[in-house]
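1. here's my sequence, what's the structure:
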Amino acid sequence: MIDPGLYYGRFQFITKINTDGSLLWGKRYYEEADPYEIMVTSDGGFMLFNHHFPQNTILKLNAEGQEVWHKEFDSKVYTGDMIEMDDGYLCLASVHNYNYLINNSGIGIHHYCTYKLDFDGNVVWIGEPIDNDQPGFSSSIIKELPDKNYYVMTRTSNVIMTTTTPFITTSPRILRTKISPSGKILEQRISTDTLVTGFSFDVFPDNSLILLNGIISWNSINYISRTDTLQHLACRDSIVVPQKDSVNISVLPASSVSISEVDVLLIQKEVIISEPEIFLEHICDNIQNESIDTFMCRGDLLAFNVDFYNAESFLWQDGSTEPIIEITEPGIYEVEIAFCNNVITKTITVLDAGCNCVDIPNAFTPDGDGLNDSFSPSYNCKLKNATLKIYNRWGNLVFFTHDRTAKWNGQHNGKAAVSDVYVYILIYETELGVTNKESGDVTLIR
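-> Numbers count the residues shown, from 1 in each chain. Got it, this is the predicted structure:
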């Protein structure tokens, strides 16, 4: 747990608590410090990174809060986020240039870039600049993708060159950048929404992203979107042409770090959890090509509705333009759906389930003349299994088998069953895994 203390006070301290909320230790770092970010490392220690004027500092601590090493960078370098790699730390920083001021405000412009530290805090490499001419200070997030590349989200508000035209805006937008483990830019995309305030994102195991960003207005608006597995949104972003430039990150001689024990008083407070009313509105679904496999019994009717929010038009292979199709026989059915300046294809494959593929006689004569002497279903399809049960009029089970080739010869407990009407129940599973049940009566005639 990290506390920025008094922002202009200016002290910084960390408290470590156990799982039941009890204090383990508390330490104070520096006498002059802007707020830190903190990351727990795999060895149980911590990485602290801050805007510590006149230098910006990264401090490695062990599990007890003691210094392992620290590095000080030129005051133009601000480390905004960091994640641990197999062989070091991947850092996301903004490098400021105070020679260019925005409207004489004293706010410089900067580039975002990644850089890598080894486990001893040495700079291994500096990645390509992520964007150019970003004024002021802004949030930035970096996370690892399942494919072992990395994804960065930053906020930008200047001229961004897309693949078609310069993206000129004075309103903040979200810039999403995919980078390799060596800091090379693989792809950049910018949101089409303006007035972006806070943002966040997370990664799904299939390499897709869930994105959350807010829109500045009198009434707070949050957008939540999910990308495809290439981190693309169907209709809410544009491709950006990466701007080639170079940045420099200088490590300065490190000064001493002031670390002191502090007394921390933990106060237990009542927490009230409320359930606010949330209004959800669909903006643009990120729908992809889809294949649907199903089966049907001949003579049955299947109805599919492929409509969804923001779908604009439908075109089936038979020329139909309705979202609903009624299927009366097995086959392959395709529809093209236009939405959000995109077209996808849904393919529905309907297989024959093998229903009604059993012929069952309604009478038999077990008199030993060699004609119609037994009772059994006749199967016209491939089966996985079948169960046949036969009951007399009093509900007593007179015949039972799991053998598809077995036949009832009209005997029960070694004796000839009387002439009468018997009830059968047949349950069978086709090779497609469809389970069917047939029931009826059969007359035994002697």
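2. what about Lys384, helix or strand, and which?
-> In this structure, Lys384 is located in strand 383-391 according to DSSP states H and E.
3. list the neighbouring strands of that strand plus their orientation.
-> Paired strands of strand 383-391, with direction, are strand 397-401 (antiparallel), strand 420-430 (antiparallel) (DSSP bridges).
4. so which of the ones you listed is nearest Phe73?
-> Of all the strands paired with strand 383-391, the one in closest proximity to Phe73, counting by C-beta to C-beta, is strand 420-430 (68.5 Å). All C-beta atoms are positioned from the backbone trio N, CA, C, and that covers glycine.
5. just to revisit the earlier point, identify whichever of the strands paired with strand 383-391 lies nearest to Leu117.
-> Proximity to Leu117 (C-beta to C-beta) singles out strand 420-430 among the strands paired with strand 383-391, at 60.5 Å.
6. who touches that closest one?
-> Strand 420-430 has contacts (C-beta atoms under 8 Å, 6 or more residues apart in numbering) with 353-355, 357-358, 360, 375, 377, 379, 381-393, 398, 404, 435-444.
7. and the residues you listed, which are buried?
-> Buried residues within the contacts of strand 420-430, counting neighbours by 16 or more other C-beta atoms under 10 Å: 353-355, 357-358, 375, 377, 379, 381, 386, 388, 390-392, 398, 436, 442, 444.
8. any idea what Thr443 is bridged to?
-> Under the criterion used (DSSP bridges), Thr443 bridges to Ala363, Val421.
9. per-residue pLDDT, it?
-> Thr443 is assigned 96 on the pLDDT scale.
10. repeat that for Pro172.
-> We have a pLDDT of 61 for Pro172.
11. just the strands in the stretch 101-250 of the chain please.
-> Along the stretch 101-250 of the chain, the segments classed as strands by DSSP state E, counting those that start in this stretch run 108-117, 123-126, 131-135, 140-144, 150-156, 160-161, 166-167, 173-179, 185-191, 196-203, 209-215, 221-226, 237-239.
12. can you tell me what sits against the fifth one?
-> Residues external to strand 150-156 that are found in contact with it (C-beta under 8 Å, 6+ apart): 83, 90, 92, 112, 114, 130-131, 134, 138-145, 172-181, 190, 196, 199-201, 203, 209, 211, 231.
13. alpha carbons of that strand, as CSV, please.
-> Extracted in CSV, the C-alpha atoms of strand 150-156 (Å, rounded to 0.1, in the frame of the first residue of the first chain):
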residue,chain,number,x,y,z
TYR,A,150,2.8,-5.9,-25.4
TYR,A,151,0.0,-3.4,-25.6
VAL,A,152,0.1,0.2,-24.6
MET,A,153,-2.7,2.8,-24.2
THR,A,154,-1.9,6.5,-24.1
ARG,A,155,-3.9,9.7,-24.5
THR,A,156,-3.1,12.1,-27.3
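14. neighbouring strands of that strand in the sheet, and parallel or not?
-> strand 140-144 (antiparallel), strand 173-179 (antiparallel).
15. tell me the angle the longest one makes with strand 185-191.
-> The reference is to strand 173-179. Between strand 173-179 and strand 185-191, the angle comes out at 160 degrees (axes from the mean of the first three to the mean of the last three C-alpha atoms, to 10 degrees).
16. list the buried residues of strand 173-179.
-> Neighbour-count burial for strand 173-179 flags Arg173, Ile174, Leu175, Arg176, Thr177, Lys178, Ile179 (criterion: 16+ other C-beta under 10 Å).
17. how about those in TSV, adding distance to Phe295?
-> Listed next are those as TSV, based on distance: C-beta to C-beta, whole Å:
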residue	distance to Phe295
Arg173	48
Ile174	44
Leu175	47
Arg176	42
Thr177	45
Lys178	41
Ile179	46
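18. what is the nearest of those residues to Trp316?
-> Closest approach between these and Trp316, by C-beta to C-beta: Arg176, at 35.6 Å.
19. quick check: chain neighbours aside, which residue is closest to the closest one?
-> The shortest distance from Arg176 to any non-neighbouring residue, by C-beta to C-beta, 6 or more residues apart in numbering, is to Arg189 (4.9 Å).
20. same deal with Ser42?
-> Sequence neighbours aside, Glu84 is the residue nearest to Ser42 in space, at 6.0 Å (criterion: C-beta to C-beta, 6+ apart).
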